[in-house]
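Student: From the sequence below, what's the structure:
(one chain, ligands or ions: 1)
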Amino acid sequence: MTEFTPGTVWLVGAGPGDPDLLTRKAERLIREASVIFHDALVSEGILRLALPGTRLVHVGKRAGRHSKDQRTIDALIVAAALAGERVVRLKGGDPAIFGRATEELEACREACVPVQICPGITAASAAAASIGASLTLRGLSRKLTLVTAHARAGEELSLDWARLADPEATLAVYMGKAAAGEVAAQLIASGAAGDTPVALIENASLPGERVLLTRLDLLGLSAGAALGRGPALILIGAAIGAASARPKTPALDDAVSAQQRRDEG
Ligand code: SAH
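Tutor: You can find the predicted model right below:
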């Protein structure tokens with residue numbers, strides 16, 4: 001077991017939200033930290049594992065609202081380590097997936113602060129678990145692509161749609177709620193079938209979890225109608241067709257079937 005030495009930093013994956021989905025190592029580091037810098041996505045249940053006296057610093061960023069910019073976060077982490085603290089930088093999911101880990105690793109290394117990563121369960125894995133499906137499918141879905149559909153303010157979403165429309169791949173779209181309609185339209189324009197199975201999973205593993213099973217040509221409509229304010233992941237591909245979870249949004253189910261009838265009729 002690695003010791004948590006004062007003056008060092010751990011980038012810790014908090015997983016998708018359910019405290020039971022933390023690794024044992026993550027839990028130990030949280031309990032040993034003297035200060036925890038955490039994201040907006042880290043759930044209350046996980047923060048409660050910290051011992052009384054641990055300083056909890058919210059440095060979260062939510063879409064459109066940056067409470068602290070990345071450089072400020074880097075500087076805070078480094079300063080705390082140089083002051084001799086045991087620093088945990090706690091991030092949703094896995095720190096190495098769409099988690100700005102590189103900037104923080106580099107900031108630490110530049111300041112000669114020892115830094116390590118404790119991996120976590122990423123949202124795509126949690127979302128697949130929520131719908132009871134595999135992300136890959138032998139002989140059919142041989143590839144898993146993790147992609148972010150987050151565009152910088154004022155910029156267009158620029159992705160290689162032709163590659164993403166690969167029928168042999170499962171796509172896990174992070175930060176894709178706002179762009180769901182565009183993602184669907186672009187994939188279809190690049191040759192993806194309109195009836196490709198899609199699952200939208202909001203708040204995967206958390207008490208407010210919502211699941212919607214739909215198809216690519218209905219994704220734009222569904223996302224707008226189904227999703228609340230929580231983080232949501234979009235899974236797209238043949239493997240997702242094996243999902244067993246029933247949608248937990250019956251009203252939306254009706255909206256989608258009405259649309260399907262209109263499309264067919
Ligand atoms: N490092 C994280 C991803 C950070 S990007 C990870 O590995 O999971 C933030 C995006 O992750 C959100 O916009 C959403 O698309 C996804 N996400 C994170 N937690 C989620 C959850 N509990 N349920 C659904 N999607 C989630």
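Student: And the helices in this structure?
Tutor: Ranges of helices in the chain, per DSSP state H, are 24-32, 44-47, 70-82, 101-110, 123-131, 161-164, 180-189, 219-226, 250-264.
Student: Please identify the deepest-packed of those helices.
Tutor: Among the helices of the chain, helix 123-131 has the highest mean neighbour count (mean count of other Cβ atoms under 10 Å), at a mean of 24. C-betas here are computed from N, CA, C, even on glycine.
Student: I'd like the helices of the chain as CSV, with distance to the ligand and mean pLDDT appended.
Tutor: Formatted as CSV, the helices of the chain follow (distance: least, Cβ to the nearest ligand atom, whole Å; pLDDT from 0 to 100):
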stretch, distance to the ligand, mean pLDDT
helix 24-32, 13, 98
helix 44-47, 12, 96
helix 70-82, 14, 96
helix 101-110, 9, 97
helix 123-131, 3, 97
helix 161-164, 16, 96
helix 180-189, 11, 96
helix 219-226, 12, 85
helix 250-264, 17, 52
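Student: so can I have TSV of those helices showing distance to residue 88?
Tutor: Compiled in TSV, the helices of the chain are given as follows (distance: least, Cβ to Cβ, whole Å):
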stretch	distance to residue 88
helix 24-32	5
helix 44-47	11
helix 70-82	10
helix 101-110	12
helix 123-131	20
helix 161-164	35
helix 180-189	33
helix 219-226	34
helix 250-264	38
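Student: Now the residue of the stretch 1-150 of the chain found nearest the ligand: closest residue in space, sequence neighbours ignored.
Tutor: Across the stretch 1-150 of the chain, the shortest distance to the ligand (Cβ to the nearest ligand atom) belongs to residue 93, at 1.9 Å. Take residue 93 and drop its neighbours on the chain: the residue closest to it by Cβ to Cβ, 6 or more residues apart in numbering is residue 122, 4.5 Å away.
Student: Count the neighbours of the one you found for me.
Tutor: For residue 122, the number of neighbouring residues by other Cβ atoms under 10 Å comes to 23.
Student: just checking, it touches residue 95?
Tutor: No: contact between residue 122 and residue 95 fails when scored by Cβ atoms under 8 Å: they sit 9.7 Å apart.
Student: Give me every residue in the stretch 101-250 of the chain lying close to the ligand.
Tutor: Counting by Cβ under 6 Å from any ligand atom, the stretch 101-250 of the chain comes close to the ligand at 122-123, 126-127, 174-175, 201-206, 231-233.
Student: try 5 Å this time
Tutor: Residues of the stretch 101-250 of the chain lying close to the ligand by Cβ under 5 Å from any ligand atom are 122, 123, 174, 175, 204, 231, 233.
Student: biggest separation within those, which pair?
Tutor: The distance between the two most remote of those (Cβ to Cβ) is 13.9 Å, for 175 and 204.
Student: Identify all contacting residues around stretch 148-157.
Tutor: 63-64, 98, 158-159, 173-176, 178-180, 182-183, 186, 234 (Cβ atoms under 8 Å, 6 or more residues apart in numbering).
Student: Just among those residues, which is most surrounded?
Tutor: residue 234 (31 neighbours).
Student: Can you give me the distance of the closest residue to that residue other than its chain neighbours to residue 30?
Tutor: Nearest residue to residue 234, sequence neighbours excluded (Cβ to Cβ, 6+ apart): residue 173, at 4.0 Å. Look at residue 173 and residue 30: by Cβ to Cβ, to the nearest Å, they are 29 Å apart.
Student: In the contacts of stretch 148-157, find the pair that's most separated.
Tutor: Maximum pairwise distance among the contacts of stretch 148-157 (Cβ to Cβ): 22.1 Å, between 64 and 186.
Student: about what we covered before: of the contacts of stretch 148-157, closest to residue 50?
Tutor: residue 98 (24.3 Å).
Student: The residue nearest to residue 242 when sequence neighbours are not counted - how many residues pack around it?
Tutor: Using Cβ to Cβ, 6+ apart and skipping residues adjacent in sequence, the residue nearest residue 242 is residue 133, 5.0 Å away. Using other Cβ under 10 Å, residue 133 has 22 neighbouring residues.
Student: who's in contact with residue 133?
Tutor: 199, 235, 239, 240, 242, 243, 244.
Student: phi, psi of it?
Tutor: Per-residue torsions, residue 133: phi -130, psi 160 (degrees, to the nearest 10).
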